[in-house]
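**Student:** From the sequence below, what's the structure:
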Amino acid sequence: MKVASVWILAIAFVTSCAGTDVGNGVVDIDFAIYNSGTSSAESQRVSQAAPVGIEITNAWVAVERIRFRDAANCSGSSEAEFAGPFAVDMLSVGIPNSLDRLQVPFIDYCRFEFRWDVVSDAELANIPAELVGASILIEGTRDDGKQFVVRSKRSDELRLNARDDVFSVAETTSALFVAFDVQTLFDGVDLDNATVGSNGRIRIENGNNDDLLSVFDDNLAIAVKLFDDNDGDKQLDPDERDDTDVLAE
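**Tutor:** All right, here's what the predicted structure looks like:
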């Protein structure tokens, strides 16, 4: 199925120019989705309608920890690590309070990592009930208006390796985007032929449409890439997410 609408969310790492004496910068972190099948992107968190496809209406991710790996010692201890758990509404405006103004050294990195976190009932406040027991929640509508929900229990670590061995966080860095391509996420997830529940809603989770959940989980490993905000507007513009713009994947 061709994905027809997109929510440009963005994982934005906004770096200030006021570093410390050890060369640290202030970095904000947020999460995002983009659509490689569209030729334009108006702004963050904007839905772009198209005649056919799917529309994303709700998207959450829960993360246990975030790491930047020092390129000078890539297999050793991490240079910057931030412990969660963090649950992020990927459609909301603004940086989550728990992930703003983090100190990240101005150095070269070989990898960006984050570990998914399966949410327990008492772990996090102000999250949707559907996220409890899962680490990823995506809800939307099929092109015929049929609602669907995807709930994944991924709990492993996602590693984005620098394409050219290193990427830098420096005083000139305005923002970085760790962006999920919705086209890749739903590639092979055949919503048209999914089993529909008795309430008329498609559920893709453990015990429901397991084959589609397996495809979605496999897609996660290849759907995420790291980009730079070249023009400093804190948005992932179309000309900033070409294949030649990839920093890590």
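
**Student:** Would it be right to say that Asp218 lies in a helix?
**Tutor:** Yes: using DSSP: H, G, I helix; E, B strand; the rest coil, the assignment for Asp218 is a helix.

**Student:** Give me the neighbour count for it.
**Tutor:** When counting by other C-beta atoms under 10 Å, one arrives at 12 neighbours for Asp218. No exception for glycine: its C-beta is placed from N, CA and C like everyone else's.

**Student:** Need the per-residue pLDDT for it.
**Tutor:** On pLDDT, Asp218 comes in at 95.

**Student:** Tell me the pLDDT of the closest residue in space to Glu130 that isn't next to it in sequence.
**Tutor:** Spatial nearest neighbour of Glu130, excluding adjacent residues (C-beta to C-beta, 6 or more residues apart in numbering): Leu137 at 5.3 Å. At Leu137, the pLDDT value in this model is 95.

**Student:** now do Glu113
**Tutor:** Glu113 is given a pLDDT of 92.

**Student:** coming back round to it: and the residue nearest to Glu130, helix, strand or coil?
**Tutor:** When the rule is three-state DSSP, Leu137 gets the label strand.

**Student:** same question, Asp192
**Tutor:** helix.

**Student:** quick check: mean pLDDT across the helix or strand containing Gly84?
**Tutor:** Element membership for Gly84 (DSSP states H and E) is strand 80-89. Mean pLDDT, strand 80-89: 86.

**Student:** Pretty sure the residue nearest to Glu130 sits against Ala59.
**Tutor:** Yes: counting by C-beta atoms under 8 Å, Ala59 is a contact partner of Leu137 at 7.0 Å.

**Student:** from what I can see, Asp164 looks like it's in a strand, true?
**Tutor:** No: read with three-state DSSP, Asp164 is coil and lies in no strand.

**Student:** What's the separation between it and Ala72?
**Tutor:** 16 Å (C-beta to C-beta, to the nearest Å).

**Student:** Looking at the two, which one has more neighbours?
**Tutor:** Ala72 (12 against 8).

**Student:** Please name the residues that touch that one.
**Tutor:** Each residue near Ala72 by C-beta atoms under 8 Å, 6 or more residues apart in numbering is listed here: 107-108.

**Student:** and what of Asn73?
**Tutor:** Asn73 touches Glu79, counting by C-beta under 8 Å, 6+ apart.

**Student:** For it, give its distance to Asp28.
**Tutor:** In terms of C-beta to C-beta, Asn73 sits 26 Å off from Asp28.

**Student:** what number of residues lie near Asp108?
**Tutor:** Neighbour count for Asp108, taken as other C-beta under 10 Å: 17.

**Student:** Who is it paired with across the strands?
**Tutor:** Ser168 (DSSP bridges).

**Student:** residues near the residue nearest to Leu99 when sequence neighbours are not counted, how many?
**Tutor:** Spatial nearest neighbour of Leu99, chain neighbours left out: Ile29 (4.1 Å); criterion: C-beta to C-beta, 6+ apart. When counting by other C-beta under 10 Å, one arrives at 24 neighbours for Ile29.

**Student:** Next: Asp243.
**Tutor:** By other C-beta under 10 Å, neighbour count at Asp243 equals 9.

**Student:** Could you list which residues are in contact with it?
**Tutor:** Counting by C-beta under 8 Å, 6+ apart, Asp243 has no contacts.
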